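Undergrad: Fold the stuff below for me.
(one chain, ligands or ions: 2)
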Amino acid sequence: MSSAKKLDYKNTSLNGTILVPGDKSISHRSVMFGAIAQGKTTVEGFLLGEDCLSTIDCFRKLGVEIKVEGTNVTIESKGIDEWVEPKEILYTGNSGTTTRLMLGILSGTTLHTILTGDASIGKRPMRRVADPLRLMGAKIAGRENGQYTPLAIQGSKLQAIDYTMPVASAQVKSAILLAGLRAEGTTVIREKEVSRDHTERMLKQFGATIDVEGGVISFEGGQQLQATHVNVPGDISSAAFFLVAGAIVPNSDITMKNVGVNPTRSGIIEVLEKMGANLSVVIEDENAAEPTATINIRTSDLKAATIEGDIIPRLIDEIPVIALLATQADGTTVIRNAEELKVKETDRITAVVNELQKLGANIEATDDGMIIHGPSRLHGGNLQSYGDHRIGMMAAVAALIASSPIEIDDADCISVSYPTFFEHVEELLKNS
Ligand SMILES: O=C(O)C1=C[C@@H](OP(=O)(O)O)[C@@H](O)[C@H](O)C1
Ligand SMILES: C=C(OP(=O)(O)O)C(=O)O
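TA: Ligands and ions are numbered 1, 2, ... in the order given. You can find the predicted model right below:
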């Protein structure tokens, strides 16, 4: 059920300390790796967002025992060879990560499975994963030769490949690595631009050996994963909404603890620094499998920046809210090389530009990004989320500075990645 939400935040500031929920990418992977390994894996700080719950649901249908108690999750598996062939279709909801990584995992089993998701997933390109997996010997069938869900997979024997990534995508890389775990030989992946490396880090955590050097990943097939404990840090992509809110809402001072600051994810921190934000980042644990930090942000005088090149994959999911940030910065912000935004939950270039224009922002779309002239005073209006959690949250942060109320058509979609988002907004407003 979708629900409209009217936001009327007048003369408020945001103050206080919050703990953003667990990282979505790492939460997905913790369940996947725990299900592949034999034994009991325990996860702490798991994200109870709908996308990660879809991943849990898929593995339960494969016979893996998964218990959820608050944000603690226990996965008990007899190992990938003991999974059962599901009688039902595996439903991946709104989650591209679940769909693409499962495709890689399931290709190397002996099972017949079918993956499908919601209307948005049904439009997202899957050949970017199916094609390299087919080079490994995977048997995948689907609409338009495997481009779109539903996708049927007949598990088969796989051979390693040496693959040069045509796009910077951690989902493609991870699907190949997870198939590579079951393949004969050494899988080699060559990345021109580094994408998030949670899969590589977690493979090591589960006892595998993986070599990463100068954008080249080498990974020997046939390794067994060992069940372990996974500590999921706070999601920097969720923290991003409050980093921007703290910078643009007058008289604000927000602290977030335990935020994951893996360098392949922390592009937004570099952008905030470049734009002159009042920001401090104190590393908590540099040696953890995934490093964390306490981050403080205060109201800032911002200047425009150019955002392009190899930083793009390190902040791709943050671009909608960075665009909002740029509407409050002095000068012209240019975002380039971000055409991947067109194949997310919705076309995020069109969605961001349309919705921010409705509020009076001076923003235009380009083929691979957007151009924003700031600063501009935003007014209220009726905004669409397009069923995309990141667009919904961008609209909600805009409401914190808009001169009149903003109504968001379908705000429920925010629970895909940040179910407690509005509780955190209320908590920070209380202290103002
Ligand atoms: O691997 C992951 O967990 C993700 C990778 C990124 O997608 P791409 O691989 O399509 O760039 C990102 O946008 C998505 O939110 C999560
Ligand atoms: C693109 C996203 O996720 P996914 O690809 O897993 O749907 C996102 O969370 O912004």
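
Undergrad: When you work out contacts or count neighbours from here on, use the C-alpha atoms and nothing else.
TA: OK.

Undergrad: Verify the stated contact: residue 431 with residue 14.
TA: Yes. At 7.0 Å, residue 431 counts as touching residue 14 under the criterion of C-alpha atoms under 8 Å.

Undergrad: Compare those two and say which is more crowded by neighbours.
TA: residue 14 (27 against 13; other C-alpha atoms under 10 Å).

Undergrad: ok, residue 84 - contacts?
TA: Applying C-alpha atoms under 8 Å, 6 or more residues apart in numbering to residue 84 gives the contacts 61-63, 111.

Undergrad: Who wins on neighbours among these?
TA: Counting by other C-alpha under 10 Å, top hit in the contacts of residue 84: residue 62 with 21 neighbours.

Undergrad: my read: it touches residue 88, true?
TA: No. Assessed by C-alpha under 8 Å, residue 62 is found out of contact with residue 88, at 9.6 Å.

Undergrad: And residue 348, its phi and psi?
TA: phi -70, psi -20 (degrees, to the nearest 10).

Undergrad: separation between it and ligand 2?
TA: Distance from residue 348 to ligand 2, counting by C-alpha to the nearest ligand atom, to the nearest Å: 10 Å.

Undergrad: Please apply the same query to residue 257.
TA: Residue 257 sits 21 Å away from ligand 2, taking C-alpha to the nearest ligand atom as the criterion.

Undergrad: Ok, residue 180 next?
TA: The gap separating residue 180 from ligand 2 is 21 Å, by C-alpha to the nearest ligand atom.

Undergrad: Which helix or strand lies directly C-terminal to the strand or helix carrying residue 68?
TA: In the assignment (DSSP states H and E), residue 68 maps to strand 65-69. Heading C-terminal from strand 65-69, the first helix or strand you meet, by DSSP H and E, is strand 72-78.

Undergrad: Adjacent strands (with direction) for that next one?
TA: The pairing partners recorded for strand 72-78 under DSSP bridges are strand 38-44 (antiparallel), strand 65-69 (antiparallel).

Undergrad: Give me the contacts around it.
TA: 31, 34-46, 64-68.

Undergrad: next one: that strand to chain centre, how far?
TA: 23 Å (C-alpha atoms, centre = their mean, to the nearest Å).

Undergrad: buried subset of the contacts of strand 72-78?
TA: The neighbour-count test (16 or more other C-alpha atoms under 10 Å) marks 31, 34-46, 64-66 as buried among the contacts of strand 72-78.

Undergrad: and the contacts of strand 72-78 near ligand 1, which?
TA: Near ligand 1, taking C-alpha under 6 Å from any ligand atom as the test, no member of these is found.

Undergrad: Just to be sure, residue 334 is in a strand?
TA: Yes. Under DSSP: H, G, I helix; E, B strand; the rest coil, residue 334 falls within a strand.

Undergrad: May I ask you to confirm that it is in contact with residue 309?
TA: No. Counting by C-alpha under 8 Å, residue 334 does not reach residue 309; the two are 11.7 Å apart.

Undergrad: Compare these two and say which is more crowded by neighbours.
TA: Neighbour tally, residue 334 and residue 309, criterion other C-alpha under 10 Å: the higher count belongs to residue 334, 20 against 12.
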